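In: A predicted structure for the sequence below; I have some questions about it.
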Amino acid sequence: MSRIGNNPVAIGAGVTVKVEDRQVKVAGPKGELAQDILPGIAVAVKGAEVVVSRENNEIQTRAFHGTMRSLIANMIEGVTKGYEKRLEIHGVGFRAQLQGNKLTMQVGYSHPIEYTVPDGVEVTCPDATNIIIAGMNKHLVGEVSARLRDYCPAEPYKGKGIRYKGEHIRRKAGKTVA
């Protein structure tokens, strides 16, 4: 029994949810999102709630039940509040700057790293060592921040690299000379 999937999703003020052609469409103040309904799952809008149910008790369908409910809840939150991830850059000479929709980072390589920001995500650089990724699609915001972090993840010896704001890097002792 899915404990998460059985909970209905509340629809906030100013949000409309439509189910048509095996697709859920959510529209709100920040924009519109759409998600295909997973196989074996039924979605219905009842009043001010979205109810997710499964058509059978197969293992895969039971797994999809909670996932579909979470995806719909994330879409509703995304079109009302939106999502945001913050990255910090640590290291001497490490910096980032935004030029149009291209983010250019200098993170210890012999060449600058250029990343083209996809549609649906807004990237800002308040200063040279901070990057803010914002958008209404939780998956896309997380994917962009993970890709940027993967260019130079924080290393454990000096702590240089790109990390999430508030992330703690476990430091290691270097070599000792006997």
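Out: Yep, it's here.
In: per-residue pLDDT, residue 3?
Out: Residue 3 is assigned 82 on the pLDDT scale.
In: Excluding chain neighbours, give the residue nearest to it in space.
Out: Leaving aside its chain neighbours, residue 3 sits nearest to residue 66 (7.6 Å; criterion: CB to CB, 6 or more residues apart in numbering). In short, each C-beta sits where N, CA and C put it, glycine included.
In: pretty sure that neighbour is in a strand, no?
Out: No. Counting by DSSP: H, G, I helix; E, B strand; the rest coil, residue 66 is not part of a strand but helix.
In: Any figure for the gap between it and residue 159?
Out: Residue 66 is 37 Å from residue 159, where distance means CB to CB, to the nearest Å.
In: Compare these two and say which is more crowded by neighbours.
Out: The neighbour comparison of residue 66 against residue 159 (other CB atoms under 10 Å) goes to residue 66, with 17 against 13.
In: quick one: low-confidence parts of the protein?
Out: Scanning the chain for pLDDT under 70 picks out 1-2, 178.
In: where do the strands sit along the chain?
Out: Ranges of strands within the chain are 9-10, 16-20, 23-28, 31-36, 41-46, 49-54, 83-90, 95-99, 102-106, 113-116, 121-127, 130-135, 161-164, based on DSSP state E.
In: Can you list the strands that the shortest one pairs with?
Out: On the basis of DSSP bridges, the sheet neighbours of strand 9-10 come out as strand 49-54 (antiparallel).
In: Not counting its neighbours along the chain, what's nearest the spatially most central residue of the chain?
Out: Compute the mean C-alpha point of the chain, and by CA atoms, centre = their mean the closest residue is residue 142, 2.7 Å away. Spatial nearest neighbour of residue 142, excluding adjacent residues (CB to CB, 6+ apart): residue 85 at 6.8 Å.
In: Tell me who's in contact with that neighbour.
Out: 132-134, 141-142, 145, 164 (CB atoms under 8 Å, 6 or more residues apart in numbering).
In: run the last query once more with 10 Å
Out: Residues in contact with residue 85 (CB atoms under 10 Å, 6 or more residues apart in numbering) are 121, 131-135, 138, 141-142, 144-146, 148-149, 164-165.
In: and the chain, what are its domains?
Out: 9-80, 83-164 (automatic domain parsing).
In: so can I have a markdown table of those showing distance to residue 171?
Out: Shown next, in a markdown table, are the domains of the chain (distance: least, CB to CB, whole Å):
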| stretch | distance to residue 171 |
| --- | --- |
| domain 9-80 | 34 |
| domain 83-164 | 6 |
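In: for the ones you listed, which one sits closest to residue 176?
Out: Evaluated over the domains of the chain, closeness to residue 176 peaks at domain 83-164, with 13.0 Å, by CB to CB.
In: Now do the closest one: distance to the chain's middle.
Out: The chain centroid and the centroid of domain 83-164 are separated by 14 Å, computed with CA atoms, centre = their mean, to the nearest Å.
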